[in-house]
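>>> build me a model from this:
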Amino acid sequence: MKAIWNNTVIAESDNTVVVENNHYFPADSIKKEFFKPSNSHTTCPWKGVASYYTISVNGEENPDAAWYYPEVSPLAKSIKGSVAFWKGVTIEE
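Have a look, this model is predicted:
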């Protein structure tokens, strides 16, 4: 699977985990040069507290377009530290 934004592959893995129709990419599969930590956080009742990244490609930014759970509940242990996307990031095979 590939995560693509602004015509650039920002993550690629054959080992994504799908939860609630979102592909979670292993942390080591993201291209870190495109990711900047964000101060944003949200809470999912069953997964835990999500942290966000702003994606920056070719001088354009997509704020909080990627998220991950640094700590997860036992129900969500399969996605601990993995990264998922939204806000116009496309997922393709």
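>>> so Glu33 sits in a helix?
Yes - with DSSP: H, G, I helix; E, B strand; the rest coil as the criterion, Glu33 is located in a helix.
>>> next, count neighbours for it.
9 (other C-beta atoms under 10 Å). (Each C-beta comes from the backbone N, C-alpha and C, glycine too.)
>>> equivalent analysis for Pro74, please.
Here the number of neighbours of Pro74 (other C-beta under 10 Å) works out to 6.
>>> and the pLDDT for it?
We note a pLDDT of 92 for Pro74 in this prediction.
>>> against Glu33, how distant is it?
Pro74 sits 33 Å away from Glu33, going by C-beta to C-beta, to the nearest Å.
>>> one more: Ala11?
Plainly put, Ala11 is 12 Å away from Glu33 if you go by C-beta to C-beta.
>>> point out the other helices and strands that the strand or helix carrying His41 packs with.
Taking DSSP states H and E as the criterion, His41 maps to strand 35-44. On a contact count with 3 or more C-beta pairs under 8 Å, 6 or more residues apart in numbering; DSSP states H and E, strand 35-44 meets strand 48-57, strand 60-68.
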